[in-house]
Each structure stands twice: as C-alpha cells, then as structure tokens.
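Participant: Next input, structure requested:
(chains A and B)
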Amino acid sequence: MVLVTQSAAVFAELVREHQAMVFSIALRFLRDRTVAEELAQDVFLRLYRELPRLETPDHVKFWLRKVVVNRAMDYVRSVHRRREVALQEVSEPTFAAGGRDPLLETSVRKLVASLPNEARMVIVLRYQEEMEPHEIAELLGLPLATVKSRLRRSLVLLRAKAQRLMGVPTR
Amino acid sequence: MKDFEQELKRALRRWDPPDSFRERVLARVAAEQQQPWRRAVSLRQRPMLRWVAVAAIVVFGAGKLSYRAHEHRLEEASGRAAKQQVMLALRITGNKLRVAQKRVKSVEGEDRKVGKTL
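Facilitator: From the prediction side, this is the model:
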C-alpha cells in the first residue's frame, strides 16, 4: 500500500510537517544555524528521491530521523576542529516562555550541549523527540541496554552539573 | 526544580526553521527535476560510491600490471626464440666452414703429392 505519492503537494506537506523536527535535531547537534539548515535541506532532498520506497507516514518519520541523525553524526566526525557556537548565539524558539524560567532553560541547554556526541544525541532523541529507549535503540542501531545506560549516565552527569551550576538540588 | 527530566523536555523544545526553509527545499527539488544530471552527487557524499571507485581503481591497476607482465613474458619468449635462431645459424655456418676447411686441406694435400711426383 503506497500512502505517499511523489507529488509536489504531498511533498510540500511532508516538509511542513517535519521541518521543525529535522531542523531541531540538526541544530541541537551541530550548533550552527547555517550548517543545520543546509543539512536539513539535504535530508529533505533525499526524502524526495526516496519517497516511492517509503510506504507509510511512520516510515517517513523514522527515515527522516535516521537520516538526519546519521548525517549530523557524520558531519561532526568529519570536522576535525568543531566550531563551538555558544548557545546564546542561537536564536531561541519563537513561542513565549509561559511562566517558565528562561534562564534555567538556557542553562539546561548549555549542559546538554556540553555532553559528548553520542550521549547528546541520545538525550536529544529522548527529551526533544520524546522517543522511547527502544525506539532510540532501533534508530541508532544500538542495543537497548546501551541506550538505557547512556541515558542513565547522561542524566546523572547533567543533574550533578546542574546542581553545581545552579546550586539547586535536582531529582 | 521539581523534575529534572521535565525540565529537560521543556528546555529541549523544537526550534522552527527559518520562514523560507520550505520554499528553499521546494526550489531545490524543482531545480533537480529540471536538471536531473545534477543528481550525480559527489563521491564525498556517497561513501558507497567512494568504495566502488576505489575498487575500480584497484581492479584497473591490477589489470594493467597483469597486462604488462604478460607483455614482458611475450617479449622474453620472442627474445629467446631469436637467440635460438641466431645460435642455430651460427652452428650451421660453423659446420659449413669446417666442411670447406676439410676440402681445402684435402686439395692442398693432393697438390703436394702431385708436386712430389713431378
């Protein structure tokens, strides 16, 4: 059953639906808006070519996540000296804070950005994309135990850093 | 901070791409449809193609080396054949010279006998 046809309208709708997901994963990982946008465009261009082989909307979403994750990881590995862009240089989401603590959120983002590549990707997929550990394991091609252990260790590390940075006990 | 994981979720909300992002993607797709040859992406972008290219170079190099070795063997065989022909020619010439020398000696011997009898 082919639910997705390669028509411009369908493709445009897919871009609209998934652009924030693809762009956010790329930007969260690469921390460079220009590179992230370029990479996200490449991913959608590949999606257009791949559409005839993708049969369901879930398959499209999985494929997009997998490709953007792999491309971002490859990019970071290929760059010898990674450009460090402070997160405050990256423009924040456009929606209002709504009673949240923007300073705290910025600090948490900085802490996540300080994690090693693999750990950062697992955290981004878990808390930005709200994926379950078994979905992350399937996407990254890792054993479930590895994903769970990376999540656990990253959380412990982030909590400890947050406590040191903000002096606030976390649980 | 009541729940650190909730805080993470809040902090890691998705970002919206620039407003013109979708238009730029669609423009690239349209450009690619008009110029399909542009789809021939660089080897750098396709690791699989890179390995195919490396394999092709290795196979081509090995073929060239093998062909050179074959040519060298042919040249050696042809040199050996020429050498054998020269040796044969020398042997034949040597034999003929020996025969001629024998005849000359026998004629000289006859001449000396005739001289004595005279």
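Participant: Just the mean pLDDT for stretch A:148-155, thanks.
Facilitator: Average pLDDT, stretch A:148-155: 94.
Participant: in that stretch, what's buried?
Facilitator: Going by neighbour count (16 or more other CB atoms under 10 Å in any protein chain shown), the buried part of stretch A:148-155 is A:148, A:150-151, A:154-155. Bear in mind the C-beta positions are built from the backbone N, C-alpha and C, glycine included.
Participant: what residues does that stretch touch?
Facilitator: A:115, A:118-120, A:122-123, A:126, A:133, B:4-5 (CB atoms under 8 Å, 6 or more residues apart in numbering or on different chains).
Participant: Ok, stretch A:112-120 next?
Facilitator: Contact with stretch A:112-120 is made by A:28-29, A:31, A:73, A:76-77, A:87, A:123-124, A:150, A:153-154, A:157-158, A:161, B:8, B:11-12, as judged by CB under 8 Å, 6+ apart.
Participant: Number of residues surrounding B:Pro18?
Facilitator: Using other CB atoms under 10 Å in any protein chain shown, B:Pro18 has 14 neighbouring residues.
Participant: end-to-end on stretch B:31-48?
Facilitator: End-to-end span of stretch B:31-48 (CA to CA, to the nearest Å): 25 Å.
Participant: now stretch B:9-29
Facilitator: Counting by CA to CA, you get 34 Å between the two ends of stretch B:9-29.
Participant: What's the mean pLDDT across that stretch?
Facilitator: Across stretch B:9-29, the average pLDDT comes to 92.
Participant: center of chain B, which residue is that?
Facilitator: Centroid-nearest residue in chain B, with CA atoms, centre = their mean: B:Lys64, separated by 1.3 Å.
Participant: chain center to whatever helix or strand that residue lives in: distance?
Facilitator: Using DSSP states H and E, B:Lys64 sits in helix B:47-117. Here helix B:47-117 is found 28 Å from its chain centre; the criterion is CA atoms, centre = their mean, to the nearest Å.
Participant: And for stretch A:46-59?
Facilitator: Worked out by CA atoms, centre = their mean, stretch A:46-59 lies 20 Å from the chain centre.
Participant: What's the end-to-end length of it?
Facilitator: So stretch A:46-59: terminal residues 14 Å apart, CA to CA.
Participant: in it, what counts as buried?
Facilitator: Buried residues in stretch A:46-59, defined by neighbour count with 16+ other CB under 10 Å: A:46-48, A:50-51, A:54.
Participant: for the helix holding B:Lys64, what is the average pLDDT?
Facilitator: The model assigns helix B:47-117 a mean pLDDT of 87.
Participant: Can you pull up the residues of chain B that come close to chain A?
Facilitator: Counting by CB under 8 Å from any CB of the partner chain, the residues of chain B lying close to chain A are B:1-5, B:7-18, B:21-22, B:24-26, B:28-29, B:32, B:39.
Participant: Of these, which count as buried by neighbour count?
Facilitator: Using 16+ other CB under 10 Å, the buried ones in these are B:1, B:4, B:7-8, B:10-15, B:17, B:21-22, B:24-26, B:28-29.
Participant: before we move on, the earlier item: so which of the contacts of stretch A:112-120 are in helices?
Facilitator: Judged by DSSP state H, helices contain the following of the contacts of stretch A:112-120: A:28-29, A:73, A:76-77, A:123, A:150, A:153-154, A:157-158, A:161, B:8, B:11.
Participant: Return the closest of the buried residues of stretch A:46-59 with respect to chain B.
Facilitator: Using CB to the nearest CB, A:Tyr48 comes nearest to chain B of the buried residues of stretch A:46-59, at 5.1 Å.
Participant: What is the neighbour count of A:Ala72?
Facilitator: 25.
Participant: Spatially nearest residue to it, not counting backbone neighbours?
Facilitator: A:Phe29 (4.2 Å; CB to CB, 6 or more residues apart in numbering or on different chains).
Participant: Specify the local secondary structure of B:Arg14.
Facilitator: Secondary structure assignment for B:Arg14 (DSSP: H, G, I helix; E, B strand; the rest coil): coil.
Participant: Now do the contacts for it.
Facilitator: Listed by CB under 8 Å, 6+ apart, the contact set of B:Arg14 reads A:20-21, A:23-24, A:93, A:128.
Participant: how far is the lowest-mean-pLDDT helix or strand in chain A from where the chain is centred?
Facilitator: Sorting the helices and strands of chain A by mean pLDDT, DSSP states H and E puts helix A:102-113 at the bottom, at a mean of 85. Computed by CA atoms, centre = their mean, the chain-centroid distance of helix A:102-113 equals 15 Å.
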